[in-house]
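Sequence first, then the predicted structure, then my questions.
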Amino acid sequence: METLSTQLSQFLEPIAAWFRTLNTPEPIVHWGHPVMMGIVAVVMGSYVAYAGWQGRLATDKDVQLKNRMDHRKLAPLMTLFITLGYTGGVLSLVMQNKPILQSPHFWTGSVVVLLLWMNGLISATGFGGNKPALRMTHAYVGTLVMLLLVVHGVFGLKLGLSI
């Protein structure tokens, strides 16, 4: 695993070197990713999850429709922002000359991105022809993602304080 980590860091080093030429202050390189991703995960993520569940559970059809539309508009943006933030987090580690694949924060982030894209694919297929089992899977995978983001944040704070 260490060899793969080194190879990945070497592959990303030219990009990290270019970003270093911007002379970004160290606190921003170190804490920029967690602050920005914290905002996305907490603010956007919690609303996307709330709207998704309200779209399923609300008894008022207008409330249900509004929440489904909000969820449908914001969930892809959240997935995009988290994917970009994941990339930025990896690049931040390379910029700080830290190993990539060795922290639980990296692995929980990888699982979050994978689950988000998988959930988006379930939705993009129209839930397999509007199958209730796929709709339920989508809802619970989304909830799992939100719980995993909490664990991910804890691991990230621990990582940030250790480097």
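Nice, I can see it.

and L149, what are its phi and psi?
phi -60, psi -30 (degrees, to the nearest 10).

Tell me who's in contact with it.
Residues in contact with L149 (CB atoms under 8 Å, 6 or more residues apart in numbering) are 41, 45, 112. Backbone N, C-alpha and C define where each C-beta goes, glycine included.

Narrow those residues to just the buried residues.
By neighbour count, with 16 or more other CB atoms under 10 Å, the contacts of L149 hold 41, 45, 112 as buried.

Please give the number of neighbouring residues around K98.
Neighbours of K98 under the rule other CB atoms under 10 Å: 15.

Output the contacting helices and strands for the helix or strand where E13 lies.
Using DSSP states H and E, E13 sits in helix 2-20. Here helix 2-20 touches helix 61-95, going by 3 or more CB pairs under 8 Å, 6 or more residues apart in numbering; DSSP states H and E.

quick one: G45 and Q102, what's the gap?
26 Å (CB to CB, to the nearest Å).
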